[in-house]
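[1] could you look at this predicted model? Sequence included:
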Amino acid sequence: MPGLAGVLNSSEHNCHIRTMCDEMNYLEHFKNYTSAHAHDKCAFSYTFIEVDGDEETRSKYEKDGVMVIFNGEIANVDELRATHGIDAGGSEAETVYKLYTAYGEGFFSKLKGSSNYVIHDFPNQRVYVSNDRFGMHPIYYSKKGDTFLFSSEVKPLLATGMMPKKLNYKGVADFFTFGFTLQHDTMIDGIDVQPPGTVLRYDLRDKSHKFITYYNIYDYREKHTLKESEVYDLITEKLDEACKRSFNTDENWGLLLTAGLDTRAMVASALKYTDHIETFTYGIPGCIDEALAKKLAKKLNTEHRFYEYDGSYLTGHAENITRMTDGMLNYFHTAGTTTYQDMRKVNPRMVSGEGGGFSRGGHQGIKNLRCNTKDELMERLYAGITRIFDLKPGFNLFNDDFFKRVVNIPKESLRCTFNKFKDFPHRETLNMYHLHERFRKFGPAGFQLKRPYLKIVYPFMDDDYIETLLKTPEHLRNNTSATHINMIKRLDPALAKWINEATMLPLDSPPFMNFIAKHVMKYKQKFEKLTKLNLSKYKPYLMFDKWLRDELKGFATDLLFSKRTQERGFYHQKNVRAMFDAHLSGQCDFSEKICGLMSFEMFMRMYID
């Protein structure tokens, strides 16, 4: 996986860093280098993919005993260089070096963008390891005695042999309940993820460490007092600026185009700043994304490609998917993995609309909650998002001992998260949960599937854009798709004439027509679910229900029912078999639950066994 790794204060630093580096170097197009420092028993490595040809030279800078290794991008790099008199032709690593030597720890909050960096300050005997503001480039760490280890992946830490391969049951319970771990946990005991918006400072003299917080989303309690139209003007301006920064090059970019509003808002801005855009879509042939994106690409006059999902992709890529996501992403959300490999052959640079959903606030499916207390809000949220543990009593998938051990953990975990937001209004609590937990945990796991193959930018995850949203009154941000629709109207009114997949009406349709259409679509979906009829002319975006009955049946059977799995003793094999058979018969669609169990079993084989 592209990223950083380091060993601090170990007499075996050379051996450990080589082991960690080798563990991260599992795809043939990965490149890496190491930097060992015997005088203070430290070593570092950087693994990367080569796109522009100068990644190695631009990622490292060393002068006067201070070394910087940089991974990612600085969104405001041009502004910082101009303001602080830094050579515009220098690397990001050099920019970090010069800011650090000028301002010390005071420079941390000046950087914006999605990145990590390591600063090894030998004269002052300190090492700094950064995380970006929203934790989009995760850093995992562990401390064993006086030795401190960190890595962009979990597995390299385990490979050193310095810690036991032991489950963290809180992390496991969170994964099976929410689809990701809450707070700073992983599913391995003794390994945590660095908090977002922090820099780890490790003192090589006294072997102490401290997380310095330079950014906190809890600070955004003050909201805009602007009028509604002015708020939408401001949000549109910030997205437009983010796109301008992303496309301020002559490079060719591949832009993901779907039937949704996120990519439509992005493409409306992107085409203002570059002619070097190719569009692409992935999914099932005949899905609505393929149909609408193809028509939209024709109107935009862009070269367009469609990448078809391969239902058998897991059989050859499950282990790599587990490595890339550190076992913390359900296979149900990984269908695009092989398409990223195909895309790399055509264009290794990708612009994605991921992160756009945050502008809608809260959590999908629970936007209309009306609750009187925080406890009631938490209960309603918990009931609306549980994944694997939500089966009826008597049909538990896990054996009694395991179930009793973990069943009460997720609710307490969610309560701890809610306590952080106790001073926020109810609706804003949902927004904070969405950004601080789901957005920064579920999102990066998905991004990790793309980063091994593509150089990616995410305009919707621009710091200035997100900060503007955080200052936006919640009643505007929670207004379903209004933010996106208003941005599209402002950026390119012609694109507002194209239909919204949620209503199948043009975006600029009168409100009363949208209201009627949404309710019609809602009842249509309920009818289809009850009758198992498909009244749409479009095929589904995913077909895991079919794949698990066909291409993936053998693979799923081995993972769920092999002797190795049964001897693990976590599951009620009878109930798991009954669920699997019900799915195979077509009586029910248990795709997400089956994929969750498969993901966990592969994680156990690779990380614990």
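    Perfect, I can see it now. Numbers count the residues shown, from 1 in each chain.
[2] I'd say residue 254 and residue 344 touch.
    No. Look at residue 254 against residue 344 with Cβ atoms under 8 Å: they stay out of range, at 9.8 Å. For glycine as for every other residue, the C-beta is placed from the backbone atoms N, C-alpha and C.
[3] residues contacting residue 20?
    Neighbour list for residue 20: 5, 7, 45, 149, 151, 156, 157, 159, 160 [criterion: Cβ atoms under 8 Å, 6 or more residues apart in numbering].
[4] residue 254 and residue 344: who's more crowded?
    Taking neighbours as other Cβ atoms under 10 Å, residue 254 and residue 344 compare with residue 254 leading, 23 against 20.
[5] coming back round to it: got a markdown table for the contacts of residue 20, with distance to residue 459, pLDDT and neighbour count too?
    As requested, the contacts of residue 20 are arranged in a markdown table below (distance: Cβ to Cβ, whole Å; pLDDT from 0 to 100; neighbours: other Cβ atoms under 10 Å):
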| residue | distance to residue 459 | pLDDT | neighbour count |
| --- | --- | --- | --- |
| 5 | 29 | 93 | 31 |
| 7 | 36 | 94 | 28 |
| 45 | 30 | 91 | 26 |
| 149 | 34 | 96 | 24 |
| 151 | 28 | 95 | 30 |
| 156 | 31 | 94 | 27 |
| 157 | 32 | 95 | 25 |
| 159 | 36 | 93 | 17 |
| 160 | 38 | 94 | 22 |
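[6] relative to residue 463, which of the residues you listed is nearest.
    Here the nearest of these to residue 463, counting by Cβ to Cβ, is residue 151; it sits at 24.6 Å.
[7] bridging residues for the closest one?
    residue 5, residue 140 (DSSP bridges).
[8] pretty sure it is in contact with residue 6, am I right?
    Yes. Under the criterion of Cβ under 8 Å, residue 151 lies in contact with residue 6, with a separation of 7.5 Å.
[9] which non-adjacent residue is nearest residue 115?
    residue 72 (2.7 Å; Cβ to Cβ, 6 or more residues apart in numbering).
[10] surely the one you found and residue 130 touch.
    No. Assessed by Cβ under 8 Å, residue 72 is found out of contact with residue 130, at 9.5 Å.
[11] determine the set of other helices and strands touching the strand or helix carrying residue 80.
    Following DSSP states H and E, the helix or strand that holds residue 80 is helix 77-84. Counting contacts by 3 or more Cβ pairs under 8 Å, 6 or more residues apart in numbering; DSSP states H and E, helix 77-84 is packed against helix 92-103.
[12] buried set for the helix it packs on?
    Using 16 or more other Cβ atoms under 10 Å as the test for burial, helix 92-103 gives 92, 93, 94, 95, 96, 97, 98, 99, 100.
[13] burial measure for the nearest residue to residue 146 once chain neighbours are set aside, as a count.
    Spatial nearest neighbour of residue 146, chain neighbours left out: residue 207 (4.2 Å); criterion: Cβ to Cβ, 6+ apart. Close neighbours of residue 207, defined as other Cβ under 10 Å, add up to 14.
[14] so who does residue 207 touch?
    Applying Cβ under 8 Å, 6+ apart to residue 207 gives the contacts 9, 146, 148.
[15] still on that earlier bit, output the helix holding residue 80 as PDB - backbone C-alpha positions only.
    Taking Å, rounded to 0.1, in the frame of the first residue of the first chain, the C-alpha atoms of helix 77-84 are listed here in PDB:
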ATOM      1  CA  VAL A  77       0.900  24.600  -1.600                       C
ATOM      2  CA  ASP A  78       1.000  27.500  -4.100                       C
ATOM      3  CA  GLU A  79      -0.400  29.900  -1.500                       C
ATOM      4  CA  LEU A  80       2.000  28.700   1.200                       C
ATOM      5  CA  ARG A  81       5.000  29.100  -1.200                       C
ATOM      6  CA  ALA A  82       4.000  32.600  -2.300                       C
ATOM      7  CA  THR A  83       3.300  33.800   1.300                       C
ATOM      8  CA  HIS A  84       6.400  32.400   2.900                       C
END
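[16] off-centre distance for that helix?
    With Cα atoms, centre = their mean, to the nearest Å as the basis, helix 77-84 stands 28 Å off its chain's centre.
[17] thinking again about what came up before, weed out the non-buried ones from the contacts of residue 207.
    9, 148.
[18] closest to residue 87 out of the contacts of residue 207?
    residue 148 (33.3 Å).
[19] for that closest one, give me phi and psi.
    The phi and psi torsions at residue 148 (degrees, to the nearest 10) take the values phi -120, psi 130.
[20] that one contacts residue 209, doesn't it?
    Yes. Using Cβ under 8 Å, residue 148 is in contact with residue 209, at 6.1 Å.
[21] overlap in contacts of the two?
    Counting by Cβ under 8 Å, 6+ apart, the shared contacts of residue 148 and residue 209 are residue 202.
[22] residue 72 and residue 130: which is more packed in?
    The residue with more neighbours, out of residue 72 and residue 130 and counting by other Cβ under 10 Å, is residue 130; that gives 25 against 21.
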